[in-house]
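Trainee: Okay, sequence plus prediction incoming.
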Amino acid sequence: MLTASQARDETLPKLSALVRLAQSSMGSKMAAYEAVGRRIGASGSWVRKFIGRQDTGLDGHVLHNIRTAYERLCSNIEAAADAAEATNALLREDLHAALRADRPAAARTPGGAPAAGAAPRRPGHPSAPALVGPDAAPRLPSLRGSADLTDLPLWRAANEEE
């Protein structure tokens with residue numbers, strides 16, 4: 001069982017985080033107090049007084065609503081981080097496929113092994129890397145003293161591991 005001071009100490013950082021997030025999206029601290037107050041079932045002035053450590057009561061339903069709103073915020077942040085990580089993984093796959101120009105990117109099973117006859121993981125993108133084809137060379141402007149593309153250090157480094 002929590003004492004009143006323990007409940008206040010546990011709730012204050014959560015409520016402050018909710019107000020900071022609302023303030024960053026709304027631009028006004030007073031509007032953030034009102035918005036958070038509506039979300040948790042309290043008034044904006046109560047939120048302001050609670051954060052300012054004035055003597056206010058903390059009802060059980062308000063405590064529950066603050067916890068619920070904070071947990072929802074945390075799960076939204078975790079979901080956004082997971083989505084960003086998944087996007088980064090797909091971008092890494094595209095980068096590695098582009099660096100291995102002679103090896104087309106194949107669809108993979110969840111274990112990492114190529115799937116027999118599987119469709120590409122990203123339907124909107126081709127399974128083979130989109131590098132400059134041999135027919136594009138005549139359209140490139142010629143540079144004086146330019147060497148073959150395979151003489152570039154990045155090209156050599158990417159193909160040395162073969």
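Mentor: Right, received. Where do you want to start?

Trainee: Name all residues that make contact with A35.
Mentor: Applying Cβ atoms under 8 Å, 6 or more residues apart in numbering to A35 gives the contacts A22, M26, G44. (C-beta placed from N, C-alpha, C; glycine too.)

Trainee: If you rank those by neighbours, which is first?
Mentor: Across the contacts of A35, neighbour numbers were computed from other Cβ atoms under 10 Å; A22 holds the maximum, 21 neighbours.

Trainee: Mind checking which of the contacts of A35 land in helices?
Mentor: Under the assignment DSSP state H, the contacts of A35 contribute A22, M26, G44 to helices.

Trainee: nearest to H61, of the contacts of A35?
Mentor: Using Cβ to Cβ, G44 is the member of the contacts of A35 that lies nearest H61, at 17.2 Å.

Trainee: pretty sure that closest one is in contact with E34, am I right?
Mentor: Yes - with contact defined as Cβ atoms under 8 Å, G44 counts as touching E34 (3.7 Å).

Trainee: Return the set of buried residues in the lengthiest helix in the chain.
Mentor: Taking DSSP H as the criterion, the chain has its longest helix at helix 60-99. Burial within helix 60-99, assessed by neighbour count using 16 or more other Cβ atoms under 10 Å, is assigned to V62, L63, I66, A69, Y70, A97, L99.

Trainee: do the same with stretch 41-50
Mentor: A42, G44, W46, V47, R48, F50.

Trainee: Using CSV, write out the CA atom coordinates for stretch 51-58.
Mentor: Taking Å, rounded to 0.1, in the frame of the first residue of the first chain, the C-alpha atoms of stretch 51-58 are listed here in CSV:
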residue,chain,number,x,y,z
ILE,A,51,3.5,19.8,-10.6
GLY,A,52,4.2,22.9,-8.6
ARG,A,53,4.1,20.8,-5.4
GLN,A,54,1.3,22.7,-3.9
ASP,A,55,-1.0,20.9,-1.4
THR,A,56,-3.5,19.0,-3.6
GLY,A,57,-5.2,15.7,-3.1
LEU,A,58,-4.5,12.8,-5.4
